[in-house]
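Q: let me see the structure of the following:
(chains A and B)
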2 protein chains.
Amino acid sequence: MTTWIMATRAQRLNPSTIREILKITERPGIISLAGGLPSADTFPVAAMQVATDRVLREQPREALQYAASEGYGPLREWVAADMAAQGLHVDASQVLITTGSQQGLDLVGKVLIDPGSRVAVESPTYLGALQAFAPYEAEFVAVQGDDEGPLPQALEAATGARFVYLLPNFQNPSGRCLSAARRVALAEKAAQLGLPVVEDNPYGDLWFDAPPPPPISATLGLQDGGGAIYLGSFSKVLAPGLRLGYVVAPKLLYPKLLQAKQAADLHTPGFNQRVVYEVIKDGFLRDHVPTIRALYKAQRDAMQTALATHFAGLNCRWKTPVGGMFFWVDLPAGLDATALLPQAVQAGMAYVPGAPFFTQGFAQGGRSNCLRLSFVTVSPDKINTGIAALAGVLRQNLTA
Amino acid sequence: MTTWIMATRAQRLNPSTIREILKITERPGIISLAGGLPSADTFPVAAMQVATDRVLREQPREALQYAASEGYGPLREWVAADMAAQGLHVDASQVLITTGSQQGLDLVGKVLIDPGSRVAVESPTYLGALQAFAPYEAEFVAVQGDDEGPLPQALEAATGARFVYLLPNFQNPSGRCLSAARRVALAEKAAQLGLPVVEDNPYGDLWFDAPPPPPISATLGLQDGGGAIYLGSFSKVLAPGLRLGYVVAPKLLYPKLLQAKQAADLHTPGFNQRVVYEVIKDGFLRDHVPTIRALYKAQRDAMQTALATHFAGLNCRWKTPVGGMFFWVDLPAGLDATALLPQAVQAGMAYVPGAPFFTQGFAQGGRSNCLRLSFVTVSPDKINTGIAALAGVLRQNLTA
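A: Now for the predicted structure:
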């Protein structure tokens, strides 16, 4: 009888709660505000057709062959130039193209986390990052925050952690955007504590009225003397099905991240990298991203109106997001969003309960009276219907 | 001052010796027999054009959106059906699509290797597997072999290892193909010892005269009672730049591999999966793969002729490979292929030295008097010139 023995870290691998929830909510007829998907209406299909045609006509041998683990040179240059526009001055040699920014998180974990290493995270934080770091047997430290985001002085509790993971722009799940002052204060505190920052920015381009403040990495610097690693993605401005992201790291860390990348999948598909470069090289995103912003802003407005209308008197709290894809709603104490989900599905809508986004137990500030609502994939009409249905469920449980 | 502390496993990450060598040998004018790349002449560009066009016309929203971590359903069904044709009966639910089979190796390592776990490997073995397993802090056990491949009784030294990694078809680097009898004997010995087998088959379709014997997994079984995991790839029959491979695992292991996959990159690009499925679904490979076999066989013949001609009297040993991409040449004792490489490059050709493919020290059977020659990317004329140049270098060093 063959004996399969799993690694200890395999115990830290768990089914994604959200993916399990999504399976339940994908029944026909359910208005799902649960997804974390961008709207397929924004996918630049025509530009992709032109680009794939050109790549396969002009450079098929290169695009379909094995390629450098670092990524496609012109795309790395593009990323470096794009970051310069955000005030982040880096060399293309610091850019590592990854198979989605999820892979960037995995590589960061692989290179920086030992079993028992402390890793500081926002509370709530992005579930995919927890899933990436957990198998390396990290011990998570939740950084306490206020309405403005994580508190600089709360970083002191994370002293000695391998890094703090921050998502300053329109965070998944909270939708929160950190103010310029809070960013600088967090950067200064982290620098003072010698605490490295891993900054994740998948949503930064999806602002509605004004661009977000400069990244935390802009204060810390991405050079060897700096204290940050920066992650970006093409998933929200082009299409996630291409799986293209990037990590920008100090030169002293780059070689180990690169070697981890080689070991993980040799390189990100060169075909995809060349197609995306072909799409974006002449400024395509300058015209395209504003169309995404306009669409998402209109749907954000629809959800805001629906919440204001149907949630009146329900004693819920939310902050209108100024970018990104999500509303985060705090329910009155005593309501459990996880327990209520089946009722919501019964009523014809779905959301993601908030509890899985907290790493700490309820005694330490983890909560279940909260939920995430996506406004980007459902029409304003259905948003209204879905929010009305959710309000009905809450009302029933509040008065019960 | 920010303190970056690397994980212990990062010490096991190393630059790929071969990639470093390839950089040296990529000077213009050098005839490189060093590469491990398939021939770009075999890439099905026209079929790719038709398929990408169709996918972007008919299913752009699905192809460009986030997708299931398991992989694209019809592609998983195709893999299961293709394996049935090899005598491997599996359910599509056992198939996990990966970002190249390199990622399959990484996921297997992540789920099965603890620090200090023993992992048995052939001697020599595929370097990419060593790179994938090493960061999980595996201790490698080299399985002793003879001209026919690893010896069944030598598996006894690996008792208690987490698994033995085997590449039975036209192995990289040795070119060796295990006989049917050896496969069955290895499977039976592994089963008797309770030793799991990880079988890697990137080259199996590249046979020249007759298909290789059934996989070792066919004897062991890929069901829960069986003792094998099987890895396959589209890199050698279509194109490596798409990064598409797969892992087929017993159902009891599948959930953890899937969760590791989610954490690693969420999913393999859905666009690539749909394009490849579109290319292959109506039997394209039935006509396409024979053209690759014919090309590679002709180039194998050219190298065989060149070796027979120019290596006469040099006291070298090689076995003519019956498939795949590589010749493996044993040099007379005392010659060091690593030390000779600069002379070969000086003489206008390049190869890969054999030493990095051994995990054990020289005292334990590791050797440096051996080298790998690829015959697939260079024309017969240049193969002849390159082999003649190499013979000149060897002759000079034998008589010096």
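Q: out of everything not next to it in sequence, what's closest to A:Ala180?
A: A:Pro213 (3.6 Å; Cβ to Cβ, 6 or more residues apart in numbering or on different chains). In short, each C-beta sits where N, CA and C put it, glycine included.
Q: next SSE downstream of the host helix or strand of A:Leu186?
A: Applying DSSP states H and E as the criterion places A:Leu186 in helix A:180-193. Where DSSP H and E defines the elements, the next helix or strand beyond helix A:180-193 is strand A:197-200.
Q: on that earlier part again, the residue nearest to A:Ala180 contacts A:Arg183, correct?
A: Yes - at 5.7 Å, A:Pro213 and A:Arg183 qualify as touching, with contact defined as Cβ atoms under 8 Å.
Q: hmm, back to that, any idea how many residues pack against the residue nearest to A:Ala180?
A: For A:Pro213, the count of nearby residues is 18 (other Cβ atoms under 10 Å in any protein chain shown).
Q: name the residues contacting each of A:Pro213 and A:Arg183.
A: Jointly contacting A:Pro213 and A:Arg183 under the rule Cβ atoms under 8 Å, 6 or more residues apart in numbering or on different chains are A:Pro168.
Q: from what I see, A:Leu56 and A:Gln49 are in contact.
A: No - checked against Cβ under 8 Å, the pair A:Leu56 and A:Gln49 is beyond contact range at 11.1 Å.
Q: tell me which of these two has more neighbours.
A: A:Leu56 (22 against 15).
Q: could you check the pLDDT of the more buried one?
A: Note for A:Leu56: predicted pLDDT of 98.
Q: does the strand or helix carrying it reach chain B?
A: Using DSSP H and E, A:Leu56 falls within helix A:45-58. Yes - Helix A:45-58 lies within reach of chain B by Cβ under 8 Å from any Cβ of the partner chain, at A:45, A:48-49, A:52-53, A:56-57.
Q: which of those residues are buried, as a PyMOL select command?
A: Selection of buried members from those for PyMOL, criterion 16 or more other Cβ atoms under 10 Å in any protein chain shown:
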select buried, chain A and resi 48+52+53+56
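Q: max pairwise distance over the residues of helix A:45-58 next to chain B: which two?
A: Farthest-apart pair in those is A:Val45 and A:Arg57; separation 18.5 Å (Cβ to Cβ).
Q: circling back: got the contact list for the helix holding A:Leu56?
A: For helix A:45-58, the external contacting residues (Cβ under 8 Å, 6+ apart) are A:63, A:239, A:271, A:274-276, A:278-279, A:284, A:288, B:45, B:48-49, B:52-53, B:56-57, B:60, B:64.
Q: could I get the contacting residues of A:Ala185?
A: Contacts were defined as Cβ under 8 Å, 6+ apart; by that measure A:Ala185 touches A:Pro152.
Q: helix, strand or coil for the residue nearest to A:Thr42 when sequence neighbours are not counted?
A: Leaving aside its chain neighbours, A:Thr42 sits nearest to A:Ile292 (4.6 Å; criterion: Cβ to Cβ, 6+ apart). With DSSP: H, G, I helix; E, B strand; the rest coil as the basis, A:Ile292 sits in helix.
Q: so who does the closest residue to chain B within the stretch 151-300 of chain A touch?
A: Of all residues in the stretch 151-300 of chain A, A:Gly227 sits closest to chain B, with a separation of 3.2 Å (Cβ to the nearest Cβ). Counting by Cβ under 8 Å, 6+ apart, A:Gly227 touches A:187, A:190-191, A:194-197, A:220-221, B:2.
Q: what's the answer for A:Val143, then?
A: The contact partners of A:Val143, by Cβ under 8 Å, 6+ apart, come to A:120-123, A:150-151, A:154-155, A:157-158, A:164.
Q: ok, 10 Å please
A: Applying Cβ atoms under 10 Å, 6 or more residues apart in numbering or on different chains to A:Val143 gives the contacts A:120-123, A:125, A:149-152, A:154-158, A:161, A:164-166, A:186.
Q: keep those, but drop any that are not near chain B.
A: A:Ala161 (Cβ under 10 Å from any Cβ of the partner chain).
Q: keep only those of the contacts of A:Val143 that are in helices.
A: Among the contacts of A:Val143, the members falling in helices (DSSP state H) are A:Leu186.
Q: just the buried members of the contacts of A:Val143?
A: Of the contacts of A:Val143, these count as buried by 16+ other Cβ under 10 Å: A:120-123, A:125, A:149-152, A:154-155, A:158, A:161, A:164-166, A:186.
Q: and the strands in the stretch 1-150 of chain A, which stretches?
A: A:31-32, A:95-98, A:118-121, A:139-142, A:145-146, A:149-150 (DSSP state E, counting those that start in this stretch).
Q: what do you get for the stretch 301-400 of chain A?
A: Using DSSP E, counting those that start in this stretch, strands in the stretch 301-400 of chain A cover A:317-318, A:326-330, A:349-350, A:352-353, A:370-374.
Q: quick one, which of these is nearest to chain B?
A: Across the strands of the stretch 301-400 of chain A, chain B has its closest neighbour in strand A:370-374 (12.2 Å, Cβ to the nearest Cβ).
Q: helices or strands up against that closest one?
A: Here strand A:370-374 touches helix A:284-310, strand A:317-318, strand A:326-330, helix A:337-346, strand A:352-353, helix A:380-399, going by 3 or more Cβ pairs under 10 Å, 6 or more residues apart in numbering or on different chains; DSSP states H and E.
Q: for whatever residue of the stretch 1-150 of chain A ends up closest to chain B, what are its contacts?
A: Residue nearest to chain B within the stretch 1-150 of chain A (Cβ to the nearest Cβ): A:Thr2, separated by 3.2 Å. By Cβ under 10 Å, 6+ apart, the contact set of A:Thr2 is B:163, B:190-191, B:193-197, B:220-221, B:224-228, B:250.
Q: buried among the residues you listed? Make that a ChimeraX selection.
A: Burial among the contacts of A:Thr2 is assessed by 16+ other Cβ under 10 Å; the matching ChimeraX selection reads:
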select /B:163,190,191,193,195,196,197,220,221,226,227,228,250
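Q: okay, who's weakest in the contacts of A:Thr2 by pLDDT?
A: Within those, pLDDT is lowest for B:Gly225, at 81.
Q: hang on, that one packs against B:Pro250?
A: Yes - between B:Gly225 and B:Pro250 there is a contact at 8.1 Å, judged by Cβ atoms under 10 Å.
Q: can you list the low-confidence ranges for chain A?
A: A:22, A:24-25, A:362-364, A:400 (pLDDT under 70).
Q: distance of whichever residue of the stretch 301-400 of chain A sits closest to chain B relative to A:Phe234?
A: Across the stretch 301-400 of chain A, the shortest distance to chain B (Cβ to the nearest Cβ) belongs to A:Thr377, at 9.5 Å. According to Cβ to Cβ, to the nearest Å, A:Thr377 and A:Phe234 sit 18 Å apart.
Q: same thing with A:Trp78?
A: Applying Cβ to Cβ, the value for A:Trp78 to A:Phe234 is 10 Å.
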